[in-house]
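got a predicted model here, sequence first, then my questions.
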Amino acid sequence: MKRAGFTMIELIFVIVILGILAAVAIPKLAATRTDAQVSKISTEAATLVNELGTFYTAQGTFKGKDSADITNIDLKTSDSDLQDGNTLVIGDDNNNTCLTVTFNKVEDGNVTVSTDANPIGAVCKAVKDATANLQKTYNFGGSNVAY
């Protein structure tokens, strides 16, 4: 009577092949997570700039306003009474600061979006490159608006 089954050598080969596949797949999955965070933060930054412009157009000022009234984006910092010099921060999952929105002149709608010169973490480094076109000073109102 002949017994059907796998030999020990065949099982070892299967285990080695599965180990090699796992060693290749795990780093790829980690990179996918980083790419997703970069995409999320970049989209949130563009949305925040849009919402700031819309809010300023409707209200005529940021002074004394609550950042929660302007946006529902999950910010690392928020202010309940926006004044000149206040900042809003968008960060990654490790609480690193990726983007900073600074209110230069809240009454004139002057806002600067920037990143650190040397961001911390792979996500924030990639966000710096991905949002290069958003990193500037925005004049939503006041005397700096071009007609």
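Cool, got the structure.

could you use CA atoms for every contact and neighbour count after this?
OK.

quick check: the nearest residue to Phe55 once chain neighbours are set aside vs Thr32, distance?
The shortest distance from Phe55 to any non-neighbouring residue, by CA to CA, 6 or more residues apart in numbering, is to Ile70 (6.2 Å). Using CA to CA, to the nearest Å, Ile70 is found at 31 Å from Thr32.

those two: who's more crowded?
Neighbour count, other CA atoms under 10 Å: between Ile70 and Thr32, Ile70 has more, with 16 against 12.

these two touch, right, that one and Leu52?
Yes. Using CA atoms under 8 Å, Ile70 is in contact with Leu52, at 6.6 Å.

sketch out the low-pLDDT regions of the chain for me.
Scanning the chain for pLDDT under 70 picks out the ranges 1-2, 78-79, 142-147.

longest helix of it, counting residues only.
Ranked by residue count under DSSP state H, the longest helix found in the chain is helix 8-59.

packing partners for that helix?
Where contact means 3 or more CA pairs under 8 Å, 6 or more residues apart in numbering; DSSP states H and E, helix 8-59 is packed against helix 67-70, strand 87-91, helix 122-130.

I'd like the ones you listed laid out as JSON lines, including distance to Asn139.
Formatted as JSON lines, the helices and strands packed on helix 8-59 follow (distance: least, CA to CA, whole Å):
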{"stretch": "helix 67-70", "distance to Asn139": "16"}
{"stretch": "strand 87-91", "distance to Asn139": "16"}
{"stretch": "helix 122-130", "distance to Asn139": "21"}
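
out of these, which comes closest to Ala22?
helix 122-130 (22.9 Å; CA to CA).

can you tell me the strand partners of the next helix or strand after the closest one and which way each runs?
The helix or strand immediately downstream of helix 122-130 is strand 137-139, counting by DSSP states H and E. Here strand 137-139 has these sheet partners by DSSP bridges: strand 110-114 (antiparallel).

which residues sit against the strand it pairs with?
For strand 110-114, contacts defined as CA atoms under 8 Å, 6 or more residues apart in numbering pick out 99-105, 134-141.
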